[in-house]
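Undergrad: missing the sequence, but the structure's below:
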């Protein structure tokens, strides 16, 4: 007699079926906390960075980020959550700009472009690449700029999402001038232990290069004090999608 399955009056025992499913159930639940990953993008929606004058520049940058992100995502632990978060007037409480989970499957059945879970890396109707580089990009660009720049609140939102999932790999891309404006509130960085942060900054005309460099040095120090294991600072407009992919894949080597 098979130890896992026995028959009673022509019907397979429910107990036996449960015993067969236990390993699958356990392995599925462990993937969520031990073998999943995330790449999050913080997008500056403040009026000084996100405005009609800079729309073409923002489109170019978001396209490069989306392309570089997707080229790296296939080598991250699966499933992978890709989430775009807002840097605006109240970043911590704002819902994600874009939010999708990628779970690769050879046979995924029907496709839905608006699904929160995608199974194909590239597909006209339900591909991860098309969602990030096309749908998410247009969704972000059609939003309005905001009055304030709550960067630390956006970091706190990213930390909250990461803590709830227990990712094994966590990368964070920041698109901003890195000038915090929160109506007199002091900058407070949350616990970001285990994150790899890539800052793609844009120099503002109202700040000299020396002011920009000094500000970026401060942010690098604050982020490392918050537990970030590596901070990479790159000029947004001068950085290619391939360069972003290279830096994201460095996360896999640690």
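TA: It's in. Quantities reported herein were computed from a predicted structural model and do not represent experimental measurements. Numbering: from 1, shown residues only.

Undergrad: what residues are up against the most centrally placed residue in the chain?
TA: Geometric centre of the chain, nearest residue: residue 40, 1.6 Å, by Cα atoms, centre = their mean. By Cβ atoms under 8 Å, 6 or more residues apart in numbering, the contact set of residue 40 is 82-85, 158, 161-162, 170-173. All C-beta spots, glycine's among them, are computed from the backbone N, C-alpha and C.

Undergrad: and it, that one's in a strand?
TA: Yes - under DSSP: H, G, I helix; E, B strand; the rest coil, residue 40 falls within a strand.

Undergrad: ok, now how distant is it from residue 123?
TA: 23 Å (Cβ to Cβ, to the nearest Å).

Undergrad: quick revisit: using TSV, lay out the contacts of residue 40 together with pLDDT, distance to residue 217 and secondary structure.
TA: Formatted as TSV, these follow (pLDDT from 0 to 100; distance: Cβ to Cβ, whole Å; DSSP: H, G, I helix; E, B strand; the rest coil):
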residue	pLDDT	distance to residue 217	secondary structure
82	97	29	strand
83	97	28	strand
84	98	27	strand
85	98	24	strand
158	97	22	helix
161	94	27	helix
162	94	25	helix
170	96	23	strand
171	97	22	strand
172	98	18	strand
173	98	19	strand
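
Undergrad: Give the buried residues for stretch 59-76.
TA: Of the residues in stretch 59-76, those buried under the neighbour-count criterion (16 or more other Cβ atoms under 10 Å) are 61-62, 64-73, 76.

Undergrad: Which residue, other than its chain neighbours, is closest to residue 103?
TA: Using Cβ to Cβ, 6 or more residues apart in numbering and skipping residues adjacent in sequence, the residue nearest residue 103 is residue 79, 4.4 Å away.

Undergrad: and stretch 200-209, how far apart are its ends?
TA: 15 Å (Cα to Cα, to the nearest Å).

Undergrad: Identify the bridge partners of residue 37.
TA: residue 80, residue 169 (DSSP bridges).

Undergrad: Would you map the strands across the stretch 1-150 of the chain?
TA: 7-8, 11-12, 37-44, 80-87, 98-102, 117-118 (DSSP state E, counting those that start in this stretch).

Undergrad: hang on, the earlier thing: for residue 46, state which of the contacts of residue 40 is nearest.
TA: residue 85 (13.8 Å; Cβ to Cβ).

Undergrad: mind listing what that closest one touches?
TA: Contacts of residue 85 (Cβ under 8 Å, 6+ apart): 40-43, 91, 94, 96-97, 154, 157-158.

Undergrad: now swap in residue 57 and tell me
TA: So residue 57 contacts 202, 237 (Cβ under 8 Å, 6+ apart).

Undergrad: what sits up against stretch 122-137?
TA: By Cβ under 8 Å, 6+ apart, stretch 122-137 touches 59, 62-63, 66-67, 69-70, 73, 82, 84, 97-98, 100, 102, 108, 111-113, 115, 118-121.

Undergrad: try stretch 213-229
TA: By Cβ under 8 Å, 6+ apart, stretch 213-229 touches 155, 178-179, 187, 189-197, 199, 201, 207, 231, 233, 254.

Undergrad: For it, buried residues please.
TA: Buried residues in stretch 213-229 (16+ other Cβ under 10 Å): 215-216, 219-220, 222-223, 226, 228.

Undergrad: Can you tell me which of those is nearest residue 240?
TA: residue 216 (19.9 Å).

Undergrad: returning to that earlier point: in helices, which of the contacts of stretch 122-137 appear?
TA: Among the contacts of stretch 122-137, the members found in helices (DSSP state H) are 59, 62-63, 66-67, 69-70, 73.

Undergrad: now those as a markdown table including distance to residue 127 and pLDDT?
TA: What follows is the ones in helices among the contacts of stretch 122-137, written out as a markdown table (distance: Cβ to Cβ, whole Å; pLDDT from 0 to 100):
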| residue | distance to residue 127 | pLDDT |
| --- | --- | --- |
| 59 | 20 | 95 |
| 62 | 17 | 96 |
| 63 | 16 | 97 |
| 66 | 12 | 97 |
| 67 | 13 | 97 |
| 69 | 14 | 95 |
| 70 | 9 | 96 |
| 73 | 12 | 94 |
